[in-house]
Structures are given as C-alpha cells and as structure tokens.
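after the sequence you'll find the predicted model.
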Amino acid sequence: MSNSTPSTDPLTNAIIITGGAQRVGMAVAKDLAARGHSVVISYRRDKASLEELQQLGITCIQADFSSQTGINQFIAAVKLCCNSIRALIHNASDWQPESVNVSPQDTMTQMMQIHAMVPYQLNLALAELLGSNGCGDIIHMTDYVEKTGSKKHIAYAASKAALHNMTKSFAALLAPTVKVNSIAPGLIMFNEDDDEAYRQKAKTKSLMAIEPGANVVIDTVNYILSNTYLTGSCIDLDGGRALASKK
Ligand SMILES: NC(=O)C1=CN([C@@H]2O[C@H](COP(=O)(O)OP(=O)(O)OC[C@H]3O[C@@H](n4cnc5c(N)ncnc54)[C@H](OP(=O)(O)O)[C@@H]3O)[C@@H](O)[C@H]2O)C=CC1
Ligand SMILES: Nc1nc2c(c(=O)[nH]1)N=C([C@H](O)[C@@H](O)CO)CN2
C-alpha cells in the first residue's frame with residue numbers, strides 16, 4: 001500500500017477529493033493540481049495510478065470508508081496534513097445494484113455508508129478547516145436518479161437522494177463562509193465491462209446521446225469553485241435526460 005507521506009509542511013487551501021485514484025475523481029484531481037491547487041485524494045485499493053498522482057504532487061491517503069475506523073483515520077490524516085481546506089469533493093462511490101448475492105440489509109447499509117454517512121461525518125469534522133479562509137466549497141457528487149429512483153439500483157438511488165438532501169442542510173448550516181452544492185450527473189463515462197448494446201442504449205437516455213467523459217465534470221467543478229453566489233443548488237449534468245423520454 002503506497003500511502004504518500006504528506007510533506008512536513010501542512011498544506012494550505014487544500015482541495016480534498018474522495019475516491020480520486022480513478023476515473024472521474026482522478027481526472028478532477030489532475031486538473032485541479034495542474035491549476036496550481038494543493039490536492040489531496042483518498043483511495044481504497046492500491047492502484048497503478050497512484051505513482052503518477054504522487055509525481056504530480058498530489059497527496060494520496062489510503063482510506064476504506066466502509067468502517068468507522070476508516071472514516072476516523074482519514075479525518076485524522078487530513079487534519080494532520082492540512083491547515084486549511086479550499087474544497088471538499090465527495091466523489092467516492094459504489095454503484096451497487098440489488099443482487100441475490102448481497103442481502104438487502106447489506107446493500108442499503110453499504111450504499112448509505114459511502115454516499116451519506118461519509119459525507120455527513122467529513123463535512124462536520126472538516127467544516128472549521130473549510131471556512132478558515134472565508135471561502136470554502138463542498139461538492140456532493142450525486143446522480144440523476146436521486147430525482148427519479150432506479151428499479152435496478154434502489155438503495156444506490158436512495159443514498160444519493162440522501163446526499164442531495166444534505167446539500168441543502170449543510171448549505172444552510174455553513175453559509176456564508178462555505179458553499180455547498182450537488183452535481184447530479186447522468187451518464188459520464190462507461191465502465192470497461194459495459195458491452196456495446198448497453199452503451200448504445202445508455203446514450204439514448206439523454207437528448208445529447210453521448211458519453212461525455214470526465215471533462216464535463218471538471219468544467220462543472222471549476223464553475224462551482226469560481227461562483228461566489230451559488231449554494232444549496234444542484235447542477236443537473238445529464239445531457240437533458242429528463243426530456244429525452246418526452247421526445
Ligand atoms: N461514471 C458515471 O457515468 C457516473 C458517475 N456518477 C457519480 O460520479 C462520481 C464518480 O464516478 P466514477 O468515477 O464512475 O466512480 P467510481 O465508480 O470509479 O468510484 C470512485 C471511487 O470510489 C471509491 N470507493 C468506493 N467505495 C469506497 C469505500 N467504501 N471506501 C473508500 N473508497 C471507496 C472506489 O475505490 P476503489 O476503486 O479503490 O474500490 C473508486 O475508486 C461518483 O460519485 C458516481 O456515483 C454519477 C452518474 C454517472
Ligand atoms: N460510482 C459510480 N456511480 C455510477 C456509475 C459508476 O460507474 N460508478 N455509473 C453510472 C452510469 O453511468 C449511469 O449514470 C448510466 O448508465 C451511474 N453511477
């Protein structure tokens with residue numbers, strides 16, 4: 001396991017991204033580092049990408065959020081390496097469908113743990129560091145299905161809805177020093193094992209009918225960070241998905 005040892009000097013105005021060692025989170029982390037931000041990511045499983053991220057100056061902290069110990073250890077590690085936080089981006093997520101192999105209890109518990117319990121505890125624990133420079137941001141990565149539900153990802157959708165509800169609660173609690181917003185994506189990027197038939201069907205669910213890739217999330221994160229008046233809001237990053245069914 002390659003925890004990068006945080007430098008002896010605490011980071012100032014760090015941007016924390018959970019689940020930043022792959023896909024969307026990693027793309028956002030690399031962009032923000034390239035813009036000159038001090039970036040800290042959490043990762044669960046060791047990955048080849050960690051070496052590249054560390055070479056870019058990104059602090060990588062191993063954290064498995066499935067346990068309270070994992071949450072506590074990550075909070076302690078962030079407090080140790082950062083003396084102020086510019087933004088906290090809750091990206092870590094598990095897209096778990098209902099399955100005969102996992103009990104309903106375990107599915108709902110795991111979905112609520114990563115998508116609601118972790119953001120809830122990290123927001124409360126890190127709020128003081130976030131507001132210390134007078135302008136902090138919390139971004140919750142939710143999902144289009146928070147609004148509609150999902151017959152194949154019931155617990156996942158419910159947990160993302162809980163996360164968006166907390167966007168409103170934390171926006172009210174932390175204003176005006178910290179803004180809190182959701183990004184609710186539709187399809188952003190496929191998984192490697194998605195077959196062609198699935199890919200074609202998934203793209204037709206939005207008006208734009210494309211797989212946009214992580215750049216649209218990068219643009220949205222930077223828009224939120226630069227906007228001094230946006231809080232308690234949800235940016236629907238879904239290619240017009242709600243209107244596609246009406247075509
Ligand atoms: N990709 C898409 O098209 C869409 C994405 N979104 C949302 O956007 C965000 C980014 O999506 P994407 O890049 O696909 O995310 P991924 O599915 O790639 O997951 C991101 C990371 O979350 C980490 N993670 C999962 N569970 C835990 C845990 N218990 N403890 C610690 N880390 C954990 C994983 O770590 P590890 O790999 O080590 O297990 C993984 O690297 C997510 O919140 C997702 O729900 C919403 C709609 C569409
Ligand atoms: N943590 C994840 N959440 C989601 C993913 C993913 O890969 N990881 N993917 C999707 C789909 O792209 C869906 O939006 C379209 O089929 C949803 N959430």
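Received, thanks. Ligands and ions are numbered 1, 2, ... in the order given.

in a strand, residue 140, correct?
Yes - under DSSP: H, G, I helix; E, B strand; the rest coil, residue 140 falls within a strand.

close enough to count as contact, residue 174 and residue 129?
No - between residue 174 and residue 129 there is no contact under C-beta atoms under 8 Å: 11.9 Å. Where C-beta positions appear, they are placed from N, C-alpha and C, glycine not excepted.

mind showing which ranges of the chain have poor pLDDT?
Residue ranges of the chain with pLDDT under 70: 1-8, 247.

just confirm residue 47 is within a strand.
No - using three-state DSSP, the secondary structure at residue 47 is coil, not a strand.

and it, how far from residue 85?
Separation of residue 47 from residue 85 (C-beta to C-beta, to the nearest Å) stands at 24 Å.

longest helix anywhere in the chain?
What stands out as the longest helix in the chain, according to DSSP state H, is helix 154-174.

give me the helices and strands touching the longest strand seen in the chain, please.
The single longest strand within the chain, with elements called by DSSP state E, is strand 178-185. Packing partners of strand 178-185 (3 or more C-beta pairs under 8 Å, 6 or more residues apart in numbering; DSSP states H and E): helix 118-130, strand 136-141, helix 154-174, helix 215-226, strand 234-237.

of all the ones you listed, which lies closest to ligand 1?
strand 136-141 (3.7 Å; C-beta to the nearest ligand atom).

and the first helix or strand past the closest one going along the chain, what's buried?
Reading on from strand 136-141 to the C-terminus, the next helix or strand found by DSSP states H and E is helix 145-148. Buried residues in helix 145-148, counted by 16 or more other C-beta atoms under 10 Å: 145-147.

ok, those vs residue 15, which is closest?
Using C-beta to C-beta, residue 146 comes nearest to residue 15 of these, at 23.8 Å.

what residues does that closest one make contact with?
Listed by C-beta atoms under 8 Å, 6 or more residues apart in numbering, the contact partners of residue 146 are 157, 160-161, 163-164, 184.

mind running it again at 7 Å?
By C-beta atoms under 7 Å, 6 or more residues apart in numbering, the contact list for residue 146 reads 157, 160-161, 164, 184.

got it, and residue 156?
Residue 156 makes contact with 95-96, 111, 150, according to C-beta under 7 Å, 6+ apart.

one more time with 6 Å, if that's ok
Residue 156 makes contacts with 96, 111, as judged by C-beta atoms under 6 Å, 6 or more residues apart in numbering.

residue 163 too?
Neighbouring residues of residue 163 by C-beta under 6 Å, 6+ apart: 115-116, 119, 140, 142.

and the closest residue to residue 131 other than its chain neighbours, how close does it get to residue 165?
Nearest residue to residue 131, sequence neighbours excluded (C-beta to C-beta, 6 or more residues apart in numbering): residue 177, at 3.6 Å. According to C-beta to C-beta, residue 177 and residue 165 sit 21 Å apart.

try residue 241
For residue 241, the distance to residue 165 (C-beta to C-beta) stands at 21 Å.

which one's more surrounded, the two?
Neighbours per residue, other C-beta atoms under 10 Å: of residue 241 and residue 165, the larger number sits with residue 241, 21 against 15.

and for residue 149, the neighbour number?
Number of residues near residue 149 (other C-beta under 10 Å) recorded here: 12.

for residue 67, same thing?
Residue 67: 11 neighbours (other C-beta under 10 Å).
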